[in-house]
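K.L.:
quick one: sequence and predicted model below, then my questions.
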Amino acid sequence: MTAAENVCYTLINVPMDSEPPSEISLKNDLEKGDVKSKTEALKKVIIMILNGEKLPGLLMTIIRFVLPLQDHTIKKLLLVFWEIVPKTTPDGRLLHEMILVCDAYRKDLQHPNEFIRGSTLRFLCKLKEAELLEPLMPAIRACLEHRHSYVRRNAVLAIYTIYRNFEHLIPDAPELIHDFLVNEKDASCKRNAFMMLIHADQDRALDYLSTCIDQVQTFGDILQLVIVELIYKVCHANPSERARFIRCIYNLLQSSSPAVKYEAAGTLVTLSSAPTAIKAAAQCYIDLIIKESDNNVKLIVLDRLIELKEHPAHERVLQDLVMDILRVLSTPDLEVRKKTLQLALDLVSSRNVEELVIVLKKEVIKTNNVSEHEDTDKYRQLLVRTLHSCSVRFPDMAANVIPVLMEFLSDSNEAAAADVLEFVREAIQRFDNLRMLIVEKMLEVFHAIKSVKIYRGALWILGEYCSTKEDIQSVMTEVRRSLGEIPIVESEIKKEAGELKPEEEITVGPVQKLVTEMGTYATQSALSSSRPTKKEEDRPPLRGFLLDGDFFVAASLATTLTKIALRYVALVPEKKKQNSFVAEAMLLMATILHLGKSSLPKKPITDDDVDRISLCLKVLSECSPLMNDIFNKECRQSLSHMLSAKLEEEKLSQKKESEKRNVTVQPDDPISFMQLTAKNEMNCKEDQFQLSLLAAMGNTQRKEAADPLASKLNKVTQLTGFSDPVYAEAYVHVNQYDIVLDVLVVNQTSDTLQNCTLELATLGDLKLVEKPSPLTLAPHDFANIKANVKVASTENGIIFGNIVYDVSGAASDRNCVVLSDIHIDIMDYIQPATCTDAEFRQMWAEFEWENKVTVNTNMIDLNDYLQHILKSTNMKCLTPEKALSGYCGFMAANLYARSIFGEDALANVSIEKPIHQGPDAAVTGHIRIRAKSQGMALSLGDKINLSQKKTSI
């Protein structure tokens, strides 16, 4: 066994720049120095032994001059020293000097100081030499009766480890510990004793538990946790015992310790699937989430609730607890609220949707009253989206939800208002009975809308769905009110002439530009800062947008005016009224065109907007039936198609999700009777404690590819050539933040290679954790060397290095074999993820690193190329399948992924097939990648380039 593979309980950090002292100076300090210098010398000896030095000459010196000292620091250091020092000769026999050490520790086990006794017992847990332990057994047994609990609990641990490793030294250990447990009063001692019985003699542990099962609630939390573990293991191995212990688990759900409650709830779910058990466990989880202050704990327990929901039988029970789950929304953390709302939405049913909506409405109103926090806006958005989903799934609720939400159209947070607008647009199209209510409410809040984007949407909705004469008149009134006095140009020039001089006279001092709540600019100065100018106060919203140069809203207004004018003509038979209304609409458009061409707005009107307004004027002047159909029928049909496609997609994703969750049982599947199942066949019921331990150690069994051998061989990298004196290859195992290199080194020569060392260095965000220790390789021998590398971020890393060695008997210098570079693939850290279109656009605008990759492939099908990119980059396509289906010679798609470090990666694929080059022409175009960090953007670009080259071969 190499030094690197020895069992190690002690890790000591050492400054690498210190010079190692000589053996003679250390011997001198240990013999003749005072206590302080002996302490320092002993520390240096420990560090040198940990670094692989042998130092056999110092063993007797330490026994003679250091072991008899009573100083506590020296005694602690000696425990570390005796743990790491080689205690056997090369042939495996115990060193004679160790008898003296053994005698010293027998005295320490009878020492009056409880700390020395306890720490010595802890040290004995680490000894692996039965000959050393045998003379100490009477003293260890005696420590079980010591007055101090620290000594007793460590004596129990020492007896347990000795019994586990060398049963013949203390064959009656279970009986001894059982008797000790019955009479013990201290919680930590009882916990250690009970834990030993669980692992050494489960029957005795059960006997003890049976005698005190009614007092379990009075025990300390550390003992309760071990009792939960025992009950889980017993019921897992022998299901017939469940009835005996399930009441105990129910009682432990009321424990004062959160850890005990959490473990008891988890155990109860695995032991029983009865609705009462599931309800009790879920209730316990909800209480934990509400009472625990740590957000990480809240998220972990929420995940357990989500796992419960995944089981079809448990989902019905959880549906009754939706209102309790919503109590978690009192937590200020956004991530917790997000998960809670998603869980509540998944569990909501027609029985409790009304209560859910009431709670959410209260939460929405609360967000208006709280002081603005950076997460308040995001939380409001989450609530709006949740209410939107509830209304779509349960149309009866829409009438309650819409009036509350429409107040947010005038909100200063554009994202929340945009979500409300999207919801209102869908509701007004789907629910005919709510159209009157929505139009009425929209007209109420129309004048208060502050964002130009929301204003455009509101104009479109009013233009599309106002169907009565009164509503159409109301819309026209609101538009006139929003535009102010017309013609705009003349009135603005008059206003400038009338108000400019007095304003100039009073403005003194540094002039400062401020933005008003309507998005317009207000000029303030040292004298005029107390009150804004009359001109800014009186400016209506739409007029403000136009004077700021935002004429896109004018194009939207022209379309709305055209729609309502055409509808008014159809509704009102009197020619005079018709002409009057149409003329008013045309006047508004004409005055906006005039304003756009003047020098008053900050930006002139664009040609596109001029074309749109001119087209609307032409349509109103001609009033042809074809145009009437296009404006008043086909626009709405387009929206209807879009919403039905969106609904279809949502249903499809829900169907896929439910198919995943529903475990289908075929008629000819064999029935598994647990009582008749062999122990080694119980695959379905894995030990949760064992699984969590493996997960913590990073040994979880991942689902490999169809051929596990092939998937492992893919990760083997050849480091040297077959003709090199030393052949090396590495298996690269990536486990989240750690990379383990398992390097096979083969001596291909007929010489013995001494001090064969693997020297590694890294490039990128990688860090070598430890230096591999040197080996000696016999002729044609081989060995495995392990090296650990830590990863800090998602970017391509390179590990490079060489193997150096000495040839036995040769006088030449050290030999060196240079290794090939190992490239760490970022695909091990990137996982497909999903986000909304709004979030994608926001991130696209925020991320500063962009990498543009030119498409260079021999693939001729656009869809095949997109699938190939998705497969090679681990990204998810956000563009719906419907939008990608069909064939038109070009394709645009948005891709998204997230790394395990929480970094986002966005990509936009814009590809086309040049038809003029014939049917076999290769795909051309660009892929633009955006990320927050440069490394991520460059690494993804390299990956795409590499995968393209592979397809080109």
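P.N.:
Looks like it arrived, so ask away. The structure presented is a predicted model; accordingly, all values stated were derived computationally and were not measured.

K.L.:
phi and psi next, for Val818.
P.N.:
Reported as degrees, to the nearest 10, the phi and psi values for Val818 are phi -80, psi 140.

K.L.:
I meant to write Asn113 there.
P.N.:
Backbone torsions for Asn113, taken as degrees, to the nearest 10, come to phi -80, psi 120.

K.L.:
quick one: pLDDT of it?
P.N.:
The confidence metric pLDDT takes the value 88 at Asn113.

K.L.:
swap in Asp538?
P.N.:
pLDDT, Asp538: 59.

K.L.:
what does the one 3 residues further on give?
P.N.:
Per-residue confidence at Pro541 stands at 78 (pLDDT).

K.L.:
what's the spacing between it and Leu561?
P.N.:
17 Å (CB to CB, to the nearest Å). All C-beta atoms are positioned from the backbone trio N, CA, C, and that covers glycine.

K.L.:
same check on Glu839?
P.N.:
34 Å.

K.L.:
show me the contacts for Glu145.
P.N.:
Under the criterion of CB atoms under 8 Å, 6 or more residues apart in numbering, the contact list for Glu145 reads Arg152.

K.L.:
let's see 10 Å
P.N.:
By CB atoms under 10 Å, 6 or more residues apart in numbering, the contact list for Glu145 reads 151-152, 155, 180, 183.

K.L.:
repeat for Glu490
P.N.:
The contact partners of Glu490, taken as CB under 10 Å, 6+ apart, are 591, 594.

K.L.:
now which of the contacts of Glu145 would you call buried?
P.N.:
Among the contacts of Glu145, those classed as buried by 16 or more other CB atoms under 10 Å are 151-152, 155, 180.

K.L.:
and those residues, which is closest to Phe551?
P.N.:
Sorting these by how near they are to Phe551, with CB to CB, puts Arg152 at the top with 85.3 Å.

K.L.:
what's the closest non-adjacent residue to that closest one?
P.N.:
The shortest distance from Arg152 to any non-neighbouring residue, by CB to CB, 6 or more residues apart in numbering, is to Cys189 (4.8 Å).

K.L.:
and the pLDDT at that neighbour?
P.N.:
In this model, Cys189 carries a pLDDT of 88.

K.L.:
tell me if I'm right that it and Ser149 touch.
P.N.:
Yes: taking contacts as CB atoms under 10 Å, Cys189 lies within contact range of Ser149: 5.5 Å.

K.L.:
who's more crowded, the two?
P.N.:
Cys189 (22 against 17; other CB atoms under 10 Å).

K.L.:
give the helix, strand or coil label for Ser188.
P.N.:
Assigned by DSSP: H, G, I helix; E, B strand; the rest coil, the conformation of Ser188 is helix.

K.L.:
nearest residue to it in space, ignoring adjacent ones along the chain?
P.N.:
Using CB to CB, 6+ apart, the closest residue to Ser188 is Arg153 (5.0 Å).

K.L.:
what number of residues lie near that neighbour?
P.N.:
Close neighbours of Arg153, defined as other CB under 10 Å, add up to 23.

K.L.:
contact partners for it?
P.N.:
Counted by CB under 10 Å, 6+ apart, Arg153 has contacts 118, 121-122, 144, 184, 186-193.

K.L.:
buried among the residues you listed? Make that a ChimeraX selection.
P.N.:
Restricted to buried positions by 16+ other CB under 10 Å, the ChimeraX selection for the contacts of Arg153 reads:
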select :118,121,122,144,184,187,188,189,190,191,192,193
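
K.L.:
looking at Glu839 and Leu561, which is more packed in?
P.N.:
Using other CB under 10 Å, the more surrounded residue of Glu839 and Leu561 is Leu561, with 26 against 14.

K.L.:
next, the buried residues of the helix or strand where Val740 lies.
P.N.:
Element membership of Val740 [criterion: DSSP states H and E] is strand 738-747. Within strand 738-747, the residues that qualify as buried are 739-741, 743, 745-747, counting by 16+ other CB under 10 Å.

K.L.:
what do you get for stretch 778-792?
P.N.:
Those would be 785-787, 789, 791, for stretch 778-792 by 16+ other CB under 10 Å.

K.L.:
which of the residues you listed sits closest to Tyr250?
P.N.:
For those, with Tyr250 as the reference and CB to CB as the criterion, the closest is Val791, at 44.6 Å.

K.L.:
any idea how far the residue nearest to Ser188 is from Glu184?
P.N.:
Using CB to CB, Arg153 is found at 9 Å from Glu184.

K.L.:
do Leu744 as well
P.N.:
From Leu744 across to Glu184, the span is 52 Å (CB to CB).

K.L.:
surely Lys646 and Lys882 touch.
P.N.:
Yes: Lys646 lies in contact with Lys882 (CB under 10 Å); the separation is 9.1 Å.

K.L.:
ok, Ile300 to Glu310 distance?
P.N.:
Applying CB to CB, the value for Ile300 to Glu310 is 16 Å.

K.L.:
just Gln934 next, same as before
P.N.:
The gap separating Gln934 from Glu310 is 39 Å, by CB to CB.

K.L.:
also Thr591?
P.N.:
In this view, Thr591 and Glu310 are 61 Å apart by CB to CB.

K.L.:
for Phe840, same thing?
P.N.:
Look at Phe840 and Glu310: by CB to CB, they are 28 Å apart.

K.L.:
returning to what we had before: just checking: what are the partner strands of the strand holding Val740?
P.N.:
In the sheet, strand 738-747 lines up against strand 726-735 (antiparallel), strand 782-791 (antiparallel) (DSSP bridges).

K.L.:
residues of the first one that come out buried?
P.N.:
By neighbour count on 16+ other CB under 10 Å, the buried set for strand 726-735 is 726-732, 734.

K.L.:
quickly check those residues for the two that are furthest apart.
P.N.:
Maximum pairwise distance among the buried residues of strand 726-735 (CB to CB): 25.4 Å, between Val726 and Val734.

K.L.:
pull up the pairing partners for the strand or helix carrying Asn802, direction included.
P.N.:
Assigned by DSSP H and E, Asn802 belongs to strand 797-807. Using DSSP bridges, strand 797-807 pairs in its sheet with strand 753-763 (antiparallel), strand 815-818 (antiparallel), strand 822-824 (antiparallel).

K.L.:
so which of those strands is nearest Leu343?
P.N.:
strand 822-824 (36.6 Å).

K.L.:
right, and the helix or strand after the closest one?
P.N.:
Defined by DSSP H and E, the subsequent element after strand 822-824 is strand 830-832.

K.L.:
how close does the residue nearest to Val855 when sequence neighbours are not counted sit to Asn908?
P.N.:
Spatial nearest neighbour of Val855, excluding adjacent residues (CB to CB, 6+ apart): Gly925 at 4.6 Å. For Gly925, the distance to Asn908 (CB to CB) stands at 10 Å.

K.L.:
quick one on the thing from earlier: can I get the buried residues of strand 738-747 in TSV with pLDDT and distance to Val404?
P.N.:
Putting those into TSV (pLDDT from 0 to 100; distance: CB to CB, whole Å) gives the following:
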residue	pLDDT	distance to Val404
Ile739	82	52
Val740	84	55
Leu741	86	59
Val743	91	64
Val745	92	70
Val746	92	73
Asn747	91	78
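
K.L.:
for those residues, give me a markdown table that also has distance to Val807.
P.N.:
Below are these laid out as a markdown table (distance: CB to CB, whole Å):
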| residue | distance to Val807 |
| --- | --- |
| Ile739 | 32 |
| Val740 | 30 |
| Leu741 | 25 |
| Val743 | 20 |
| Val745 | 15 |
| Val746 | 16 |
| Asn747 | 10 |
